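Visitor: 3D, please:
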Amino acid sequence: MIQEATVNFYFQCPIPSSLKILSSSVLNNLGEMVSPWWYLKENMMIKQGILLTLVYLINVDQCKATLNLTSWKNIEDLSFKLSGRSIEFPCETTKDIYKESGKYIPQNMLATRMQIHKYDVVIAMPRYKTGVPITLGITHLKCKGCETKIRPFPDWPLQQEGNCDAIQSAVDIYLDRKGVLWVLDDGVIDSLGVPYQKCPPKVISIDMYTGKVTNTIDLSAFITEQSSLQYVVAESPGDGEDYVYVSDSEGGAIITFNARSGKGRRLVLPPSIIETCSARCALYLTIVMKANHENYLYFTYSECDKIYVVESSTIRGDLDCGAIRVAGKKPEGLGIVFCGTDNLSNLFFRQKDGNDIYMWDSNTPWKDSNWRLVQRGNLDRQTTQVAPGPWKLLWAMESNIYDFVTNNVGCFGASSYLHPIVKDVHAGSSMSLANKIGLN
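Guide: Residues are numbered from 1 along each chain as shown. Here you go, the predicted model:
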């Protein structure tokens, strides 16, 4: 049976100054401009799940490359299931030893965060429960038609539980523009069971080109007894320095650290932010580059009603509390979960209790009329990460994380899916989130 469908792929390109169609046999119309991206709205025939070959070339002045979209065969080829059963051990004997000793319980492994370097996907699997042999892994996007395998990254020794030179629990990762992966290790194991601070918290940097650890930042001096470290971002603003920022939700602070000089400080958030939150369970933190080529940190508590912003150049210096300003207010009763950025000005988020992915261009005011629905969510999975990747696509990681946290995953345990963001044909090009959920 042949069905007609509309599929919109999002491409990581700035708005072009001009578009020239070189050749086309199936192009019907050009989709609307979405700053700073453009996307093609293409009507095509899909037969038995096979996406027919696209035979057109687009020349985009500002993309610095011609997009050749003639190679897509099957949308499912670009979707990957990730679970504890995907772990690649040196041999079956080693796998059996880990299982028998209780150090490998596949159902207890959940991939929550990811970053993509070329065709390699680095995956964070925090040690939320026991039986997690590796907490940082890597897989490859070009493995079409083969079983997904996750190898320890960069190696097995760096996964050793109880070795404070190794990663105890990778709770977040961030890939900077230079190809350096920053890994936030909170040092806590079995955090959803009987939490135990195995080692001091730290940030490790890994060169993605060599797979070598280049720096280890001990965060012990910047935490309190109440600290809960959750998210990490980094930047290299052009002054030869590397700056790292870590959110501390329970401690009500953002840690800033100059990785080159070895100096850092703990920025305590002002009472005007802390006291307006009913709870401090999650302090989301992300970084965007706006049209003025300056970097800005956006942060929000999951239970707070406001989004905050501060220019990163200010936070690197002697920050005055007045430098932090309100970027906007959330619709009443709506929790916001930051999912990632496109490494430019666009920020992706979802509703705390929802699964749809929205995009907001930080060059525009924070209000629901500027939020664009980019993908309908899966009823059983929640998106935990959006990141740019190969083929000029943006990728999402979604999982059954809510069921995992509440111990309702069943016998198959935790699982995650990695796939390109594909716009639902029924979603519409733009939609007010507040209207969708009945807040307006």
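Visitor: low pLDDT regions in the stretch 201-350 of the chain?
Guide: Scanning the stretch 201-350 of the chain for pLDDT under 70 picks out the ranges 278-279, 317-322.
Visitor: tell me which stretches of it form strands.
Guide: According to DSSP state E, counting those that start in this stretch, the stretch 201-350 of the chain carries its strands in the segments 202-207, 212-218, 229-235, 243-248, 253-258, 263-268, 283-289, 295-301, 306-311, 325-329, 336-341, 346-351.
Visitor: which of those strands sits most buried?
Guide: Among the strands of the stretch 201-350 of the chain, the stretch with the highest mean neighbour count (mean count of other C-beta atoms under 10 Å) is strand 243-248, at a mean of 26. From N, CA and C alone the C-beta is placed, and that goes for glycine too.
Visitor: which residues of the stretch 51-200 of the chain fall in helices?
Guide: For the stretch 51-200 of the chain, applying DSSP state H, counting those that start in this stretch gives helices covering 92-100.
Visitor: I should have written the stretch 301-440 of the chain there, sorry.
Guide: 312-315, 401-405, 433-436.
Visitor: distance between the second one and the chain's centre?
Guide: Just to be clear, that refers to helix 401-405. Relative to its chain's centre, helix 401-405 lies at 18 Å (C-alpha atoms, centre = their mean, to the nearest Å).
Visitor: that one - contacts with which helices or strands?
Guide: Using 3 or more C-beta pairs under 8 Å, 6 or more residues apart in numbering; DSSP states H and E as the contact test, the elements touching helix 401-405 are strand 382-388.
Visitor: and the residue nearest the centre of the chain, what are its bridge partners?
Guide: The centre of the chain sits closest to residue 385, judged by C-alpha atoms, centre = their mean, with a distance of 2.9 Å. According to DSSP bridges, residue 397 are recorded as the beta-bridge partners of residue 385.
Visitor: and for stretch 267-280, what's in contact with it?
Guide: Contacts with stretch 267-280, where a contact means C-beta atoms under 8 Å, 6 or more residues apart in numbering, come from 249-250, 252-256, 301-306, 308, 315, 319, 321, 324.
Visitor: mind redoing it with 7 Å?
Guide: By C-beta atoms under 7 Å, 6 or more residues apart in numbering, the list of residues contacting stretch 267-280 from outside reads 249-250, 252-254, 256, 301, 303-305, 308, 315, 319, 321, 324.
Visitor: over to stretch 412-425?
Guide: Under the contact criterion C-beta under 7 Å, 6+ apart, stretch 412-425 has outside partners 5-10, 75, 78-84, 106-111, 114, 121, 357, 374-376, 381, 386, 393-400, 404.
Visitor: now the residues you listed: which count as buried?
Guide: Of all the contacts of stretch 412-425 considered here, the ones buried according to neighbour count by 16 or more other C-beta atoms under 10 Å are 7-10, 75, 78, 80, 82-84, 106-111, 114, 121, 357, 374-375, 381, 386, 393-400, 404.
Visitor: who's residue 181 bridged to?
Guide: residue 175, residue 206.
Visitor: thought it was touching residue 116?
Guide: No - using C-beta atoms under 7 Å, residue 181 is not in contact with residue 116, being 10.7 Å away.
Visitor: more crowded one of the two?
Guide: Comparing residue 181 with residue 116 by other C-beta atoms under 10 Å, the one with more neighbours is residue 181, at 24 against 19.
Visitor: so what's the more buried one up against?
Guide: With contacts defined as C-beta under 7 Å, 6+ apart, residue 181 is in contact with 115, 122, 173, 175, 205, 206, 208.
Visitor: then residue 86?
Guide: Counting by C-beta under 7 Å, 6+ apart, the residues that residue 86 touches are 148, 149, 150.
Visitor: identify the residue spatially nearest to it, adjacent ones excluded.
Guide: If you skip the residues right next to it in sequence, residue 86 has residue 150 as its closest partner in space, 4.6 Å away by C-beta to C-beta, 6 or more residues apart in numbering.
Visitor: no more questions from me, cheers.
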